[in-house]
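[1] Quick one, what's the 3D model for this:
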Amino acid sequence: MNIAFLRHGKTQGNLEHRYVGSTDYPLCGEGVEELRALLGKGIYPDAEHLYVSPLLRCRETGSLLYPGVPSTLLDRLREQHYGEFENKSYSELKHDPAFRAWIDAEGGQPPPGGESPEAFAERTGAALDWLLRDAREKGYGSIAVVTHGGVMMSLFSRYARPVRDFYGWQAGNGRGFLFKPTAADRTLTLLKTIDCEEVVL
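    Now for the predicted structure:
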């Protein structure tokens with residue numbers, strides 16, 4: 001089985017460089033046009049089934065890229081909740097001492113009132129376990145997961161091969177990675193990037 005992980009298309013929050021976790025933005029016009037252009041390049045792998053974050057930007061992305069393909073909404077594929085920083089931009093937060101402390105910790109502590117890194121890792125790992133088990137039980141040969149950048153980086157920095165750090169797995173909107181999962185555990189072996197710049201190790 002092959003599994004494509006794709007980041008949702010652009011939203012207004014992305015254009016404004018906001019910390020958008022649980023805020024339910026739709027795709028913006030620019031995001032829709034960019035996805036259509038990428039679709040026209042034929043870069044997206046085939047998928048028999050989609051596993052999708054329930055947030056609108058992911059549902060819209062899945063429908064646009066894979067029209068008519070059956071999908072399962074999986075709540076544990078949501079982006080991390082940023083608490084007091086949710087839907088705020090860097091320029092709005094840069095003088096906040098709590099924000100500075102969070103940035104300095106490089107994700108090692110939760111944002112105030114938000115989801116801790118440990119809880120986020122546990123949730124996303126459970127999502128991966130569930131969808132892999134479901135896909136295998138149903139005999140799919142190819143699936144796609146439409147989710148968020150933070151979810152992808154959290155998963156791949158722990159389970160993907162080759163080994164990269166958290167920020168080594170960044171993907172632009174509408175981009176992603178194609179993997180071959182192992183049968184025994186959560187390990188994901190990279191087959192190719194999907195319109196991402198290759199990271200030099």
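[2] residues in contact with the most centrally placed residue in the chain?
    Nearest to the geometric centre of the chain sits residue 148, at 2.6 Å (C-alpha atoms, centre = their mean). Going by C-beta atoms under 8 Å, 6 or more residues apart in numbering, residue 148 touches 7, 8, 21, 53, 55, 58, 77, 78, 79. Every residue, glycine included, has its C-beta placed from N, CA and C.
[3] Residue 15: which of those residues is nearest?
    Using C-beta to C-beta, residue 8 comes nearest to residue 15 of the contacts of residue 148, at 13.4 Å.
[4] So the closest one versus residue 118, what's the distance?
    Residue 8 sits at a distance of 24 Å from residue 118 (criterion: C-beta to C-beta, to the nearest Å).
[5] With neighbour numbers in mind, choose between these two.
    Between residue 8 and residue 118, counted using other C-beta atoms under 10 Å, residue 8 has the larger neighbour count: 28 against 10.
[6] Let me know whether that one touches residue 173 as I believe.
    Yes. If you go by C-beta atoms under 8 Å, residue 8 and residue 173 touch, sitting 6.6 Å apart.
[7] I figured residue 115 hits residue 80, correct?
    Yes. Because the distance of 5.1 Å satisfies C-beta under 8 Å, residue 115 is recorded as touching residue 80.
[8] okay, and the common contacts of the two?
    Taking C-beta under 8 Å, 6+ apart as the contact criterion, the residues that touch both residue 115 and residue 80 are residue 21.
[9] Who has more neighbours out of the two?
    Neighbours per residue (other C-beta under 10 Å) separate residue 115 from residue 80, with residue 80 holding more: 26 against 20.
[10] State the three-state secondary structure for the more buried one.
    Of the three states, residue 80 takes coil according to DSSP: H, G, I helix; E, B strand; the rest coil.
[11] State the pLDDT value of it.
    Residue 80 is assigned a predicted lDDT (pLDDT) of 95.
[12] and it, what does it touch?
    Taking C-beta under 8 Å, 6+ apart as the definition, contacts of residue 80 comprise 21, 114, 115, 120, 150, 151, 154.
[13] tell me which of these is nearest to residue 96?
    Checking those against residue 96 with C-beta to C-beta, the nearest one is residue 114 at 13.5 Å.
[14] Which parts of this structure are strands?
    Assigned by DSSP state E, the strands in the chain fall at 2-7, 49-52, 71-73, 142-147, 160-161, 176-181, 188-194.
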